[in-house]
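Peer 1: Predicted structure and sequence below. I'll ask about it afterward.
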Amino acid sequence: MQKPKGTYDLLPKDSKLRNRLEEILKTVSLYYNFKEIRTPIFERSEVFHRAVGDSTDIVKKETYDFLDRGNRQMTLRPEGTATVVRAYVENKLFADPIQPQKLYYIAPMFRYERPQAGRYRQHHQFGCEVFGADSPSIDAEIISMAYNIYQLLGISDLTVKVNSLGDEESRTNYQKALVQYLTPLKDKLCIDCQERIKNNPLRVLDCKIDTFDNPPKMSEYRTAEAKKYFAEVLSYLNTLNIKYEVDEKLVRGLDYYTHTVFEIHATIEGFGAQTALGGGGRYNKMVKQFGGPDVSAIGFGLGIERMLLALQALNINLVGEDYINVFVATMANTKNVGIKLLNELRLNGFIAEISHQDKSLKNQLRQANKLNAETVLIVGEEELENNLVIIKYKGEQKTVQIDKVVEYLDKLELGDYNE
Ligand code: HAM
């Protein structure tokens, strides 16, 4: 039996780092005043078809669709935004007294893509979505939050690309100009892009446009209002000291964006082809499209696996080796007392272990060593007659009264695994 292609097992040796990373992301979310939201792993297919767009690669080629036993068309979520919007509308979070709603998630996503380094069929995203804030300063907050996360982790070999798709009018005007420009050049485009001219011309920018002379520039088709909004976003980014590049060709692979879009790419040597660490943008129309009020929104999604790959490529280690605080070693006749002590230690917050295999003392000490035990407690027969146990700590050995063990260990200030 083998795992499905494009998936991986998170093994115990890697779970400490993964948990630490998630803790950091949760802490940063707290600092930025985001609250967690969890939505189902699957939704009715129309949630994604409607939001992400029927002509996108994600919906056309990559979703895991299935009929449930009641013949309903379901989809494993390929991304988080649409599910969060569905939940926001369904649970009427727009009526919550706290506005804007700032929501985050750490969740698995499923895309039937060709697996390669940094690209999986089940990947995980840390995502943030803000509903009901319509000022350029929140766009800058969202971009800078994503940027600061990488800085905080020590990943600074980055490029931040930003662009503005403008409002509906800007977009319609630009699309018209682009179609006019591309139509006579149709034969030079790939098969996919020939289709895209009809149903999603902006996506052609992702493909071959580089090879053409003077394609129309998005910035020239923005309305005055859209221009002003974008200029203010950039000005706030300057205030926040974010080094960004304006990339006129940045359109993103999902159809729901309006105004600001951005991506953060790794520029780490030898990182591989999948350099997009994260991306996001504004989607001012989706809430209404889902039957909610006219509420604007913006967010991002950062790939957890790519974050881990970047840490690895830069040799950044967020966690130390695994260890335990106390190993309780016993003799055949003292195991009962040892088990009781072990229980007490755990209830007092020590990471504690015992041998359940009735090994010799020598073997138990070896096991303690393998587990990186900070202290070893030996419950010996002779000592026990006087209500004493032996505590080995930093090469020294002491006898301590059995009812004072917790007190004694507390004073040693043993490691906090979560620090
Ligand atoms: P996205 O750009 O499709 O955006 O995905 C966000 C990030 O998830 C990517 O930059 C990448 O790091 C990671 N990612 C995507 N696909 C894979 C994969 N197959 N394997 C590994 N990592 C992957 C979204 O999904 C939007 N929902 C982001 C957003 C939130 N926009 C507004 N709010």
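Peer 2: On my side now, so go ahead.

Peer 1: can you count the residues close to the residue in the stretch 101-250 of the chain that the ligand sits nearest to?
Peer 2: Nearest residue of the stretch 101-250 of the chain to the ligand (C-beta to the nearest ligand atom) works out as residue 123 at 3.3 Å. To be clear about C-beta, it is placed using only N, CA and C from the backbone, and glycine gets the same treatment. A count of nearby residues for residue 123, using other C-beta atoms under 10 Å, gives 21.

Peer 1: before we move on, what SS does it have?
Peer 2: What DSSP: H, G, I helix; E, B strand; the rest coil gives for residue 123 is strand.

Peer 1: how about it, what does it touch?
Peer 2: 108, 109, 111, 303, 304, 305 (C-beta atoms under 8 Å, 6 or more residues apart in numbering).

Peer 1: And the third one, how far from residue 141?
Peer 2: When distances are taken as C-beta to C-beta, to the nearest Å, residue 111 and residue 141 turn out to be 28 Å apart.

Peer 1: Just the element for the residue lying closest to residue 398 once chain neighbours are set aside, please.
Peer 2: Among residues not flanking residue 398 along the chain, residue 391 sits closest, at 5.3 Å (C-beta to C-beta, 6 or more residues apart in numbering). For residue 391, the element it lies in under DSSP states H and E is strand 388-393.

Peer 1: Which elements pack onto that strand?
Peer 2: strand 373-379, strand 396-401, helix 405-411 (3 or more C-beta pairs under 8 Å, 6 or more residues apart in numbering; DSSP states H and E).

Peer 1: which one of these is the most hemmed in?
Peer 2: strand 373-379 (a mean of 23; mean count of other C-beta atoms under 10 Å).

Peer 1: Report the rounded mean pLDDT for that one.
Peer 2: Averaging pLDDT along strand 373-379 yields 98.

Peer 1: which residues touch residue 171?
Peer 2: Counted by C-beta under 8 Å, 6+ apart, residue 171 has contacts 165, 202, 258.

Peer 1: can you rerun that using 7 Å?
Peer 2: Going by C-beta atoms under 7 Å, 6 or more residues apart in numbering, residue 171 touches residue 165.

Peer 1: Assumed it was part of a helix.
Peer 2: Yes - Residue 171: assigned to a helix according to three-state DSSP.

Peer 1: bridging residues for the closest residue to the ligand within the stretch 251-400 of the chain?
Peer 2: The minimum distance from the stretch 251-400 of the chain to the ligand, using C-beta to the nearest ligand atom, falls at residue 303 (2.4 Å). On the basis of DSSP bridges, residue 303 is bridged to residue 125.

Peer 1: Quick check: it touching residue 280?
Peer 2: No - contact criterion C-beta atoms under 7 Å: residue 303 and residue 280 do not qualify, at 11.8 Å.

Peer 1: so what's the closest residue to residue 5 other than its chain neighbours scoring on pLDDT?
Peer 2: Setting aside the residues directly before and after it, residue 5 is nearest to residue 115 in space (C-beta to C-beta, 6+ apart), at 6.0 Å. The model reports residue 115 with a pLDDT of 97.

Peer 1: do residue 208 as well
Peer 2: 60.

Peer 1: Check residue 197 too.
Peer 2: For residue 197, the predicted pLDDT is 89.
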